[in-house]
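Undergrad: predicted model and sequence below, questions to follow.
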Amino acid sequence: MRCRLPMTTLALMAGLFFTSVPSSAQTSSSSPAGSKVLAREDGGFNFFAVKKLLERGDQAVARGDLAEARLHYDKARNVSKKLLSFYRDLGGSFRGLDARIPREMDAKGRRVLNLLAEVNLRLAALFRRQNQPEIAVPILVEVVRLVTPAQQAGQRAYQSLFELGFVDTPYAAARKNR
């Protein structure tokens with residue numbers, strides 16, 4: 001009797017040790033090709049998807065199809081904002097638990113944020129081209145808020161606001177950085 005309990009425990013432990021348990025946290029090298037559907041450059045839900053929408057909008061502008069361009073820019077803007085929100089939520093959820101994940105989410109967020117600023121600048125230029133500056137102003141203000149006037153996209157947005165007459169004071173640092 002005394003021997004049965006340790007032997008049963010040993011047998012169970014050995015069975016668990018030799019049984020292959022699927023890992024829920026697989027590394028990218030062990031995952032089969034194509035399983036990361038959203039990370040693909042050709043149709044995922046990521047930076048590249050936004051970039052592709054931006055390029056489609058630029059192509060539509062080059063053809064003179066401003067309505068189609070606006071659709072692509074609007075979609076790129078919406079996808080960017082969703083990605084930013086998801087990256088921030090995930091990063092915040094893991095703060096204090098695993099520093100790698102917030103760092104990754106912050107890096108991805110910064111990349112998408114800069115792309116969002118570019119999308120907004122193009123969308124604002126489209127509205128200016130259509131003589132709708134009142135629609136361009138909030139988008140330009142958003143660019144300045146998102147990336148700050150210290151960055152080139154923020155300076156370009158502020159310069160557009162100055163050219164439209166929304167602001168009267170030129171930003172002197174923008175001239176120094178050109």
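TA: Yes, it's here.

Undergrad: all helices of the chain, in order?
TA: Listed in chain order, the helices of the chain (DSSP state H) span 4-18, 47-63, 66-94, 100-129, 133-147, 152-164, 172-176.

Undergrad: just put those helices in a markdown table and tack on mean neighbour count and mean pLDDT.
TA: C-beta: built from backbone N, CA, C; applies to glycine. Shown next, in a markdown table, are the helices of the chain (neighbours: other C-beta atoms under 10 Å; pLDDT from 0 to 100):
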| stretch | mean neighbour count | mean pLDDT |
| --- | --- | --- |
| helix 4-18 | 9 | 46 |
| helix 47-63 | 17 | 93 |
| helix 66-94 | 17 | 93 |
| helix 100-129 | 19 | 93 |
| helix 133-147 | 18 | 95 |
| helix 152-164 | 19 | 94 |
| helix 172-176 | 10 | 63 |
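
Undergrad: give the contact list for the residue nearest the centre of the chain.
TA: Residue closest to the mean C-alpha point of the chain, counted by C-alpha atoms, centre = their mean, is Val112 at 3.1 Å. Listed by C-beta atoms under 8 Å, 6 or more residues apart in numbering, the contact set of Val112 reads 47, 50, 80, 83-84, 87.

Undergrad: max pairwise distance over those residues: which two?
TA: Farthest apart among the contacts of Val112 by C-beta to C-beta are Val50 and Tyr87. That separation is 12.4 Å.

Undergrad: distance check, Leu53 against Ala117.
TA: 15 Å (C-beta to C-beta, to the nearest Å).

Undergrad: cool, and Gln132?
TA: 20 Å.

Undergrad: pretty sure Phe47 sits against Leu115.
TA: Yes - with contact defined as C-beta atoms under 8 Å, Phe47 and Leu115 form a contacting pair (6.5 Å).

Undergrad: ok, now which ones touch Lys81?
TA: Residues in contact with Lys81, defined by C-beta under 8 Å, 6+ apart, are Leu116.

Undergrad: quick one: the residue nearest to the centre of the chain from Arg63, how far?
TA: Distance, Val112 to Arg63, by C-beta to C-beta: 27 Å.
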